[in-house]
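Engineer: Can you look at this prediction? I've put the sequence above it.
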Amino acid sequence: MYNTNAHDTYANNHINVESSDKLMQMLYEGILRFNTQAKRAMKDKDIEKKAYWLDKSNSIFLELIHMIDYEQGDVAHYLHGLYFYQLEQLTLANLHSDITRVDGVNHVVKGLIEAWKDTVNVA
């Protein structure tokens with residue numbers, strides 16, 4: 001299921017993306033949308049849909065890890081650890097149908113969106 005490259009999928013679905021900055025924001029927002037669907041599936045006790053939506057979020061995190069430019073120093077290594085930790089949290093959320101873990105990931109992603117916007121506005 002991880003054969004689909006999340007970055008390519010988003011790029012193909014949003015041909016008119018103005019910049020890579022916009023693409024990063026769209027990837028983060030995709031995680032939030034997929035996690036919302038996963039939470040709904042958890043509440044409905046729909047195991048198949050829960051796994052489907054969390055897998056989509058995981059795919060984006062994996063792509064974000066692959067996109068990291070490690071020549072950027074400490075921040076790149078920090079992001080790697082942060083993204084990997086979010087993958088772990090979503091795996092545990094899936095295993096235990098734990099909405100609070102999904103909420104925790106969403107909180108982190110919202111912070112990443114804000115940080116990304118601040119970084120882009122400064123540049």
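Structural biologist: Looks like it came in fine.

Engineer: What strand or helix carries the residue nearest the centre of the chain?
Structural biologist: Centroid check for the chain by Cα atoms, centre = their mean gives Ile31 as the closest residue, at 3.9 Å. Element membership for Ile31 (DSSP states H and E) is helix 20-43.

Engineer: How about residues contacting that helix?
Structural biologist: When contacts are defined by Cβ atoms under 8 Å, 6 or more residues apart in numbering, helix 20-43 is touched by residues 6-7, 10-11, 14, 17, 47-50, 52-54, 56-57, 60-61, 63-64, 90, 93-94, 97, 99, 102-103, 105-106, 109-110, 112-113, 116-117, 120. Every residue, glycine included, has its C-beta placed from N, CA and C.

Engineer: Please list only the buried members of these.
Structural biologist: Among the contacts of helix 20-43, those classed as buried by 16 or more other Cβ atoms under 10 Å are 6-7, 10, 50, 53-54, 56-57, 60-61, 63-64, 90, 93-94, 97, 102, 105-106, 109, 112-113.
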